[in-house]
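>>> compute the structure for the input listed below.
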Amino acid sequence: MSTIVETHDDHGHHGPAKGLTRWLYTTNHKDIGTLYLWFSFLMLFIGGAMAMVIRAELFEPGLQIVQPEFFNQMTTNHGLIMVFGVIMPAFVGLANWMIPMQIGAPDMALPRLNNLSFWLLPMAFGILISTLFMPAGGPNFGWTFYAPLSTTYAPDTVTFFIFSVHVMGASSILGSINIITTILNMRAPGMTLMKMPLFVWSWLITAYLLIAVMPVLAGTVTMMLMDIHFGTSFFDAAGGGDPVLFQHIFWFFGHPEVYIMILPAFGIVSHIIETFSRKPIFGYSSMVYALTSIAVLSFVVWAHHMFTVGMPLAGELFFMYSTMLIAIPTGVKVFNWVATMFRGSISFETPMLFAIAFVSLFTIGGFSGLMLAIVPADFQYHDTYFVVAHFHYVLVPGSLFGIIAGVYYWLPKWTGNMYDETLGKLHFWLSFFSVNLTFFPMHFVGLAGMPRRYPDYALQFADFNAIVSVGAFIFGFTQLLLLFIVIKSIRTGKKASDEVWEDTKDWGLEWTLDSPPPYHSFTVQPEVK
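This next block holds a predicted model:
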């Protein structure tokens, strides 16, 4: 299957497409993966700039820089852009680049659909961001857009927001169909499902999740549209509707969605840890089963976001216990990663540093999630900065560090050039320091009762908020260093060898893929020359 776009010049000559045409019409999985990754990088800086506005306002008590209305628009758009415009497209970009290569396929199964999936995204986010420049202002009702705040009391631009969400959802569904079709139909002979790399497994499961929940989101925003323009009352109590119904439908989409944003990172980190520990992953099949059970359980825990709506005690108990149950397969994965590193010949290149930070900091996010699962405790934590700390620990040192680790790990494969290891490590340590400086104090102000989504706060929270804002600015500017490292690698990086990660330490291993290591790997170590 040819994936090079042909163009015709005035003399009828054929040739590969050049310049802009190449990127517009490409059906090559590598080009499309590159487009997704650069798009998500751009959105990272846009969403990050919005976070900077939020943190500048919260640097000290009182109203300094922006009006509360604009502050609400920033919090809403920051959340939407980071979730739908950064984390998800970056993972889809990594999937496009790596899945065909990891399963031995020539390309994705549906190359033209692949092109369409990507180009829907700039349109969707163009629509979303354009609302900020309209007289009514952008969406201001939080990234979870709870009705009736997003229907009865929303600015007129909510209609653009709804259309934007539909287009994003279409992109996700088409991309997922493509990934599932590719993995199930195009594996090389001999590659059974239980021989697939864990990144491929993580994406197969993620794609099924996306296909299951994206139509639910589409249904939700369609019901909003009907309430706003066509006189229905799905979520309007005055017309016999139920605002809590919105929360049930939204979180039935939203909870699997948060696992969609972490499962591919589990796959990436599994590869990196086994590479830099010089050992195969410990307990491959248990990793696959853990991934699957996390995905299945994610469908039955949605109402743990809603403990304060007044649900029956039996409902609270069910959602509390099922939420705590998710900690088991997640714990299995953490155990397996640590067991893989145990007695391995570890070297600490940049991807490994990000992977280890992922495991340790994601675990903190997991523990605070377990705290939030406990109903009477959640009554106290709900809508405070403790919740903000929890989900940022899962999404920044979790999903984002997973993506960055994958970029460093696969960059030599993509470009043929090595990145600057010293700068990479500098980027890691600045990121690690600042991410903790930013999000750890949020636990304290949250436990002390500081509510989220407010542009102002009581005086007793001032010191911690100043620390958080300083951390946030350091973290934000540190990501410019990543941009520099990637461009430097592409343009002037030294050539990467075939055995890129072996040459960094001049280590040759006794065993390779052709002669597998001792299966057990706890008592017998591979011999390192």
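
>>> tell me, how many residues neighbour Asp383?
12 (other C-beta atoms under 10 Å). The C-beta positions use only the backbone N, C-alpha and C, and glycine is treated the same way.

>>> quick check: it touching Gly449?
No: the pair Asp383 / Gly449 is not scored as a contact, 10.3 Å apart, by C-beta atoms under 8 Å.

>>> quick one: the strands in the stretch 1-150 of the chain?
6-8, 14-16 (DSSP state E, counting those that start in this stretch).

>>> rank these by pLDDT, which is bottom?
Sorting those by mean pLDDT places strand 6-8 lowest, at a mean of 45.

>>> quick one: Ala56 from Leu204, how far?
42 Å (C-beta to C-beta, to the nearest Å).

>>> secondary structure element for Asn465?
helix 462-492 (DSSP states H and E).

>>> now that helix, how far from the chain's geometric center?
18 Å (C-alpha atoms, centre = their mean, to the nearest Å).

>>> for stretch 390-400, same thing?
Per C-alpha atoms, centre = their mean, the centroid offset for stretch 390-400 relative to its chain is 8 Å.

>>> so what touches it?
82-83, 86-87, 91, 258, 261-262, 265, 357-358, 361-362, 364-366, 368-369, 371-372, 432, 435, 438-439, 442 (C-beta atoms under 8 Å, 6 or more residues apart in numbering).

>>> now with 6 Å?
Residues outside stretch 390-400 that contact it (C-beta atoms under 6 Å, 6 or more residues apart in numbering) are 87, 261-262, 265, 357, 361-362, 364-365, 368-369, 372, 435, 439.

>>> and stretch 425-435, by the same measure?
So stretch 425-435 is contacted by 350, 353-354, 357, 396-397, 471, 474-475, 478, 481-482 (C-beta under 6 Å, 6+ apart).

>>> switch to 7 Å and redo it
Stretch 425-435 has contacts (C-beta atoms under 7 Å, 6 or more residues apart in numbering) with 350, 353-354, 357, 396-397, 471, 474-475, 478, 481-482, 485.

>>> cool, stretch 96-103 as well?
Here stretch 96-103 makes contact (C-beta under 7 Å, 6+ apart) with 29-30, 32-33, 36, 106-108, 114, 179, 182-183, 186-188, 191, 196-197, 199-200, 203, 410, 414.

>>> helices of the stretch 1-150 of the chain, residue ranges please.
Secondary structure of the stretch 1-150 of the chain, counting by DSSP state H, counting those that start in this stretch: helices at 19-25, 29-57, 68-80, 88-103, 111-130.

>>> lowest average confidence across those helices, which one?
helix 19-25 (a mean of 92).

>>> now that one: how far from the chain's centre is it?
For helix 19-25, the gap between its own C-alpha mean and the chain's C-alpha mean amounts to 27 Å (C-alpha atoms, centre = their mean).

>>> mind listing what's buried in it?
For helix 19-25, burial by neighbour count (16 or more other C-beta atoms under 10 Å) applies to Trp23.

>>> ok so, going back, of all the contacts of stretch 390-400, which two lie farthest apart?
Ala357 and Leu372 (22.4 Å; C-beta to C-beta).

>>> which of the contacts of stretch 96-103 are buried? Put it as a ChimeraX command.
Per 16+ other C-beta under 10 Å, the buried members of the contacts of stretch 96-103 correspond to this ChimeraX selection:
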select :29,30,32,33,36,107,108,114,179,182,183,186,187,191,196,197,199,200,203,410,414
